[in-house]
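K.L.:
just a sequence and a predicted model for now, questions to come.
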Amino acid sequence: MPLDAICLAAVRHELSGKIAGYRIDKVQQPERDLLILSLRGQAEPFRLLISVGSGDSRVHITEHRYENPASPPMFCMLLRKYLVGARILSINQPPAERILEFELQAPDSMGVTTQKRLIIELIGNSSNIILVDGDGLVIDCLRRVGGELNDKRTVLPGLKYHRPPIQVGKVDPQAVSKEIWDKLYDEASCDKTAEKWLISVFSALSPLICREIVWRAYGQCDVRISEIEDGGDALCREFMNIVQIVNVNGFEPWSIADMEDSPRDFSFLRIGQYENLMQVSLAENFSAMLESHYTKSAQVSRMRQRASATTKTVKTARDRIVRKLIAQQLELEKTAQRDMFRQCGDIITANLHLMKKGQSMLTAQDFYCSENSMRDIQLNPLKTPQQNAAKYYKDYTKARTAEKYLIEQTKIGETEVQYLESVLEVIALAEGEKDLDEIRKELAQTGYVRENKQKSGKAKTAAPTPLRFKSSTGMQIFAGRNNIQNDLLTMKTALKSDMWLHVQKIHGSHVIISCKGTQPDETTLYEAAVIAAYYSSARHGSKVSVDFTPVRNVKKPPGGRPGMVIYTGFKTIVATPDEGLVNRLRV
């Protein structure tokens, strides 16, 4: 569901208690429709996410780290000019509107304190971020709206800011008394369902809340006005209960997920209309609820879209090798008949004196069978008996040579499939465009794609470094983002005395505990195992076996693909992937 006006009021109330008085320390724009404001105050720092995407508009505190583009967009640079160092005085919301207005106190270029407003409009496809000065003039906006052919309001730099037009004909729920309710209900169409009537008459109420009001009143959601026998008293009672929650800020962050634990919806009150068909759980706060509902799924969706071409290339290469392996396996099975060719050659040679040229079949005693039975051997009538025997010997030699070659090629093919499967896992774990660039570079080095040579005038972006963590006891832990980083981390960067960890028998990151000549404590060892399990194909599993051994015991096999190693002298620890722990340890 979109973030409705009442849920937004709950978010505003929560944010006001946390970030009022904080200063804006940094401004980032990692995506076209996404802003991240780093805030600092007397308490812990926060990172405020502002999204105005058409399907995921929202404002909340986030712990997720986004990758910045190589060069910041112009709107980001403008916000940095005006907002860095600004103090948040208050957060306001017009009644029943999906708009937040951040009142700011910011120094100008001369160091004089001025008033600014950062206005966040979360209204579907028209969502926008607008910076307004103390006189109400637009400094700039993310999406400029205006022009001679535009019949809507104009939002352009230098013009007076005006709020979007209110919904005509709808009533603010907080302004409804019993008398107003009775009048509106008496005018209701009997053909409408109670849910549709609530949606059409009142502003700020989402379809989910309207259905919940009807369900709480009558035990079902599709009741028509004509079927209500109590004159709408129960409907009025539940409606007023919702209004009371809003009036006293009695909001609670409830998440709704399906039985497979996939996020489906959220609300500011407990939803009961789904009964046992959905899971309803109380989140820690509204920011955590919105983070869980939007941020993770949005990141997965964006990365899946960005990585689609690379994923397709890798899957195509993998499938081609798999088809080749199947054909090689069939050929290998045929080579198992090579002894039969040699035996036929021997039988023909033993019976040359009985054979004539032009003969198409030889029936002779099979001295390779213990029962001394007869064997029928096909002959080429255009060849002499000696030539037929030579042909069978040649087929035997060919099959024997082919077996050796096919066994070698099968092993190479299986290794390639394992490598490409590991690349697919790395793509699934990629966190940003830099990670994907590293993967494409790796595929170019291994010959699966053509190398994309950058133009000489284009600045090269720095390659991402391995993931860094600090254990609860203060030891440093590193994890490779891809196969090239895994090789670099294990074979070049890590000391021989450091501890190396990897999930057992499945694809995953190489994890290094920087020991500095000491043995890692049990807490650090377990936390490193959790990291190894999380950054592997067993991320969604439990009780994952993780091998660990000193780096000196890890070797690169001859001709091994990136990320492939062999290791000895290892022990095994069982760990369960824990995203919360991984995020807390990450530096």
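P.N.:
Structure's in. What do you need? Numbering: from 1, shown residues only.
K.L.:
which strands or helices does the lengthiest helix in the chain pack on?
P.N.:
Scanning the chain for the longest helix, with DSSP state H as the assignment, gives helix 385-429. Judged by 3 or more CB pairs under 8 Å, 6 or more residues apart in numbering; DSSP states H and E, the packing partners of helix 385-429 are helix 308-335, helix 338-350, helix 433-445, helix 483-487. Backbone N, C-alpha and C define where each C-beta goes, glycine included.
K.L.:
residue contacts, the spatially closest residue to residue 52 that is not a sequence neighbour?
P.N.:
Nearest non-adjacent residue to residue 52, counting by CB to CB, 6 or more residues apart in numbering: residue 127, 3.7 Å away. Residue 127 sits next to 33, 52, 53, 54, 57, 121 when contact means CB atoms under 8 Å, 6 or more residues apart in numbering.
K.L.:
ok, now with 10 Å
P.N.:
2, 33, 50-58, 98-99, 120-121, 142-143 (CB atoms under 10 Å, 6 or more residues apart in numbering).
K.L.:
for ChimeraX, write the select line for the buried members of the residues you listed.
P.N.:
Command for ChimeraX, covering only those of those found buried under the criterion 16 or more other CB atoms under 10 Å:
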select :2,33,50,51,52,53,56,57,58,98,99,120,121,142,143
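K.L.:
now, the contacts of residue 127 that are in helices?
P.N.:
Among those, no member falls in helices (DSSP H).
K.L.:
could you give the mean pLDDT of stretch 437-449?
P.N.:
Per-residue pLDDT over stretch 437-449 has a mean of 85.
K.L.:
in it, which residues are buried?
P.N.:
Neighbour count says stretch 437-449 has 437, 438, 439, 440, 441, 442, 443, 446, 448, 449 buried, by 16+ other CB under 10 Å.
K.L.:
what secondary structure does the spatially closest residue to residue 37 that is not a sequence neighbour sit in?
P.N.:
The shortest distance from residue 37 to any non-neighbouring residue, by CB to CB, 6+ apart, is to residue 48 (4.3 Å). Three-state assignment for residue 48 (DSSP: H, G, I helix; E, B strand; the rest coil): strand.
K.L.:
do the same with residue 30
P.N.:
strand.
K.L.:
who touches it in this structure?
P.N.:
36, 49, 65, 66, 67, 68, 69, 72, 73, 76, 432, 433.
K.L.:
please indicate which of the residues you listed are buried?
P.N.:
36, 49, 66, 69, 72, 76, 432, 433.
K.L.:
between these, which sits nearest residue 362?
P.N.:
residue 433 (70.0 Å; CB to CB).
K.L.:
what distance do you get for that closest one to residue 531?
P.N.:
Residue 433 sits 23 Å away from residue 531, going by CB to CB, to the nearest Å.
K.L.:
number of residues surrounding the residue nearest to residue 37?
P.N.:
21 (other CB atoms under 10 Å).
K.L.:
quickly list what it is bridged to.
P.N.:
residue 37, residue 61 (DSSP bridges).
K.L.:
ok, it touching residue 35?
P.N.:
Yes - the pair residue 48 / residue 35 is scored as a contact, 8.2 Å apart, by CB atoms under 10 Å.
K.L.:
who touches both of those two?
P.N.:
What both residue 48 and residue 35 touch, as defined by CB under 10 Å, 6+ apart, is the set residue 59.
K.L.:
strands of the stretch 151-300 of the chain, residue ranges please.
P.N.:
Ranges of strands in the stretch 151-300 of the chain, per DSSP state E, counting those that start in this stretch, are 254-257, 263-267, 279-282.
K.L.:
mind putting these into a markdown table with distance to residue 164 and mean neighbour count?
P.N.:
Shown next, in a markdown table, are the strands of the stretch 151-300 of the chain (distance: least, CB to CB, whole Å; neighbours: other CB atoms under 10 Å):
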| stretch | distance to residue 164 | mean neighbour count |
| --- | --- | --- |
| strand 254-257 | 28 | 19 |
| strand 263-267 | 24 | 18 |
| strand 279-282 | 33 | 14 |
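K.L.:
verify the stated contact: residue 197 with residue 205.
P.N.:
No - with contacts counted by CB under 10 Å, residue 197 stays clear of residue 205, the gap being 11.0 Å.
K.L.:
show me the shaky parts of the stretch 1-150 of the chain.
P.N.:
1-2, 147-150 (pLDDT under 70).
K.L.:
okay, strands next: where are they in it?
P.N.:
23-31, 34-40, 46-51, 58-61, 87-92, 99-107, 113-121, 128-133, 138-141.
K.L.:
next, the angle from the first one to strand 87-92.
P.N.:
Which is strand 23-31. With axes from the mean of the first three to the mean of the last three CA atoms, to 10 degrees as the basis, strand 23-31 and strand 87-92 are set at 70 degrees to each other.
K.L.:
cool, and the second one?
P.N.:
Angle, strand 34-40 to strand 87-92, by the same axes, to 10 degrees: 120 degrees.
K.L.:
quick one: distance of strand 34-40 to the chain centre.
P.N.:
Relative to the centre of its chain, strand 34-40 is centred 21 Å away, using CA atoms, centre = their mean, to the nearest Å.
K.L.:
what packs against it?
P.N.:
helix 5-19, strand 23-31, strand 46-51, strand 58-61, helix 74-83, strand 87-92, strand 113-121 (3 or more CB pairs under 10 Å, 6 or more residues apart in numbering; DSSP states H and E).
K.L.:
okay, now the domains of this protein?
P.N.:
Listed by automatic domain parsing, the domain ranges of the chain are 5-141, 173-302, 312-426, 467-585.
K.L.:
and those domains: which comes nearest residue 156?
P.N.:
domain 5-141 (6.4 Å).
K.L.:
now do the same end-to-end measure for that closest one.
P.N.:
One end of domain 5-141 to the other measures 22 Å (CA to CA, to the nearest Å).
K.L.:
going forward, begin numbering at 163 instead of 1
P.N.:
Sure, I'll start counting at 163 from here, so that last one is domain 167-303.
K.L.:
returning to what we had before: now for the strands of the stretch 163-312 of the chain, which one comes closest to residue 499?
P.N.:
It is, among those and with distance given as CB to CB, strand 185-193, at 61.2 Å.
K.L.:
how near is the residue nearest to residue 199 to residue 552?
P.N.:
Taking CB to CB, one finds residue 210 at 84 Å from residue 552.
K.L.:
could you save the domains of the chain as TSV and add columns showing distance to residue 329?
P.N.:
Listed next are those as TSV, based on distance: least, CB to CB, whole Å:
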stretch	distance to residue 329
domain 167-303	8
domain 335-464	5
domain 474-588	45
domain 629-747	40
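K.L.:
what about these, which gets the closest to residue 316?
P.N.:
Across those, closest to residue 316 is domain 167-303 (CB to CB), at 9.2 Å.
K.L.:
quick one: that closest one to chain centroid distance?
P.N.:
25 Å.
K.L.:
do stretch 707-721 as well
P.N.:
Taking mean C-alpha positions (CA atoms, centre = their mean), stretch 707-721 and its chain are 29 Å apart.
K.L.:
what mean pLDDT does it have?
P.N.:
93.
K.L.:
and that stretch, what's buried?
P.N.:
708, 709, 710, 711, 712, 713, 716.
K.L.:
closest to residue 571 out of these?
P.N.:
residue 716 (27.6 Å).
K.L.:
my read is that that closest one contacts residue 727, right?
P.N.:
Yes - if you go by CB under 10 Å, residue 716 and residue 727 touch, sitting 5.2 Å apart.
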